[in-house]
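# Got a predicted structure plus its sequence, pasted below:
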Amino acid sequence: MSPAEIEGLQAALRSEHVAIWGYGIVGASVVLESRQAVRDVDAAHRSRRDELADLIRLRGADPEPTEASYELPFPVADPTSALKLAASLEAGVASGYAFAVSRSDSQRAKAFSLTALTDAALHQTSWHQLSGVTPLSPEFPGL
């Protein structure tokens, strides 16, 4: 387990912390019909965060803690901007996991990170679709 792999996993963990915090804003701002989807994605991020923290611990490192709050990339004033924030959060998660893939030595860390990168790209596409943003998916998720 190299320091580079731990660095990559910590970067992915930071992106999960930001996403979980941000989904609190998203959930409070979307229309009622979208709240269950937000809760489901938030729960997936929480589960993945916990798995990631375990992977980091297995490598003999302490998982980086979450911050009390994070800076939003733009104001969230309505349901559409909340969905755009959700897509932005997923882009950040994809970037975190793309970095983790690039730094992973072990097959387990690489597979975990690649699966998470794919899920983030799919979530980003869904939020773009609901908010009317095009193109629906990034050309190279996470990059």
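Perfect, thanks for sending it. All figures in this text were calculated on a predicted structure; none of them were measured in a lab.
# Next secondary structure element downstream of the helix or strand containing H45?
Element membership for H45 (DSSP states H and E) is helix 35-58. Following helix 35-58 in sequence order, the next helix or strand is helix 79-103 (DSSP H and E).
# what packs against that following helix?
Secondary-structure packing of helix 79-103 (3 or more Cβ pairs under 8 Å, 6 or more residues apart in numbering; DSSP states H and E): helix 3-29, helix 35-58, helix 107-131. Every residue, glycine included, has its C-beta placed from N, CA and C.
# picking that back up, can you give me the mean pLDDT across the helix holding H45?
For helix 35-58, the mean per-residue pLDDT is 97.
# Mind listing what's buried along it?
Of all the residues in helix 35-58, those buried under the rule 16 or more other Cβ atoms under 10 Å are 37-38, 41-42, 44-45, 48-49, 52-53, 55-56.
# Just the C-alphas of it, formatted as PDB.
C-alpha atoms of helix 35-58 as PDB (Å, rounded to 0.1, in the frame of the first residue of the first chain):
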ATOM      1  CA  ARG A  35     -36.500  14.500  -2.700                       C
ATOM      2  CA  GLN A  36     -36.600  10.700  -2.700                       C
ATOM      3  CA  ALA A  37     -34.000  10.500  -5.500                       C
ATOM      4  CA  VAL A  38     -31.800  13.000  -3.500                       C
ATOM      5  CA  ARG A  39     -32.200  10.900  -0.400                       C
ATOM      6  CA  ASP A  40     -31.200   7.700  -2.300                       C
ATOM      7  CA  VAL A  41     -28.100   9.300  -3.800                       C
ATOM      8  CA  ASP A  42     -27.200  10.800  -0.500                       C
ATOM      9  CA  ALA A  43     -27.500   7.400   1.200                       C
ATOM     10  CA  ALA A  44     -25.300   5.900  -1.500                       C
ATOM     11  CA  HIS A  45     -22.600   8.500  -0.900                       C
ATOM     12  CA  ARG A  46     -22.800   7.900   2.800                       C
ATOM     13  CA  SER A  47     -22.300   4.200   2.300                       C
ATOM     14  CA  ARG A  48     -19.500   4.700  -0.100                       C
ATOM     15  CA  ARG A  49     -17.800   7.200   2.300                       C
ATOM     16  CA  ASP A  50     -17.900   4.500   5.000                       C
ATOM     17  CA  GLU A  51     -16.500   1.900   2.800                       C
ATOM     18  CA  LEU A  52     -13.800   4.300   1.700                       C
ATOM     19  CA  ALA A  53     -12.900   5.100   5.300                       C
ATOM     20  CA  ASP A  54     -12.500   1.400   5.900                       C
ATOM     21  CA  LEU A  55     -10.200   1.000   2.900                       C
ATOM     22  CA  ILE A  56      -8.000   3.800   4.200                       C
ATOM     23  CA  ARG A  57      -7.900   2.300   7.700                       C
ATOM     24  CA  LEU A  58      -6.900  -1.000   6.200                       C
END
